[in-house]
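> Sequence and predicted model, in that order:
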Amino acid sequence: MIIVATFASILLHRTGYRKPMAVGFTVVAASLIMLSIGPRLVAPYWWLAFFAMFTGLGLGCVAPAANNATLALAPADVAAISGLRATFRQTGSITCISVVSAVIARSAHPGIAQAHVFWVLSGLLVITTALTVFVPDNKGGW
């Protein structure tokens, strides 16, 4: 994730914000779908490791573009935007983990419930990818 985030932040000057966000969200959605199905041709550990790696690569692609896009909206309020961004990122993570854990814990078949959760999260990422057209796309100098 760190390596991809470094390259993605360097390339933002050429790509703008939309493309890395769309590619990253798509990669994460595809990885979640693959994690929702049983391993094929390899041991479960390697299946999980491989697609968890792709999830991290997708997030590494999204993070710099999303961070810069929010900061570009109001450059005079960078401190407030950074604080709000961190607050909502943490709140969203905690809420998602709590809801997913509760759903899986209450299920009669936890593995199947987790697969369904991955499909729902993938669907939300596809919707988020479609919404990237509303992100200001600053290419070139800034």
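Ah, there it is. This is a predicted model, so every value here is computed, not measured.

> From now on I want contacts and neighbour counts done on CA atoms only, so please keep to that.
Noted.

> Closest to the centroid, which residue in this protein?
residue 59 (4.6 Å; CA atoms, centre = their mean).

> how much space between that residue and residue 29?
Using CA to CA, to the nearest Å, we find residue 59 at a distance of 10 Å from residue 29.

> So for the strand or helix carrying the residue nearest to the centre of the chain, what gets flagged as buried?
For residue 59, the host element (DSSP states H and E) is helix 44-73. In terms of neighbour count (16 or more other CA atoms under 10 Å), helix 44-73 has its buried residues at 47-48, 51-52, 54-66, 68-72.

> counting contacts, what elements does it pack onto?
Under the contact definition 3 or more CA pairs under 8 Å, 6 or more residues apart in numbering; DSSP states H and E, helix 44-73 sits against helix 2-15, helix 18-36, helix 78-106.

> Can you list the buried residues in whichever helix or strand comes after the last one?
Yep, that's helix 78-106 we're talking about. Per DSSP H and E, the first helix or strand lying C-terminal to helix 78-106 is helix 110-131. By 16+ other CA under 10 Å, the buried positions in helix 110-131 come out as 113-119, 121-123, 125-126, 129.

> Of the residues you listed, which pair is most distant in space?
113 and 129 (24.3 Å; CA to CA).

> mind saving the C-alpha coords of the lowest-mean-pLDDT helix or strand in the chain as PDB?
Every helix and strand of the chain was ranked by mean pLDDT, DSSP states H and E. The lowest is helix 2-15, at a mean of 82. Extracted C-alpha coordinates of helix 2-15, given in PDB (Å, rounded to 0.1, in the frame of the first residue of the first chain):
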ATOM      1  CA  ILE A   2       2.800   2.400   0.900                       C
ATOM      2  CA  ILE A   3       4.600   1.900  -2.400                       C
ATOM      3  CA  VAL A   4       1.500   2.300  -4.500                       C
ATOM      4  CA  ALA A   5       0.500   5.400  -2.500                       C
ATOM      5  CA  THR A   6       3.900   6.900  -3.100                       C
ATOM      6  CA  PHE A   7       3.700   6.300  -6.900                       C
ATOM      7  CA  ALA A   8       0.000   7.400  -7.000                       C
ATOM      8  CA  SER A   9       0.800  10.700  -5.200                       C
ATOM      9  CA  ILE A  10       3.700  11.400  -7.700                       C
ATOM     10  CA  LEU A  11       1.500  10.700 -10.700                       C
ATOM     11  CA  LEU A  12      -1.500  12.800  -9.500                       C
ATOM     12  CA  HIS A  13       0.000  15.700 -11.400                       C
ATOM     13  CA  ARG A  14      -0.700  13.700 -14.600                       C
ATOM     14  CA  THR A  15      -3.700  11.600 -13.800                       C
END
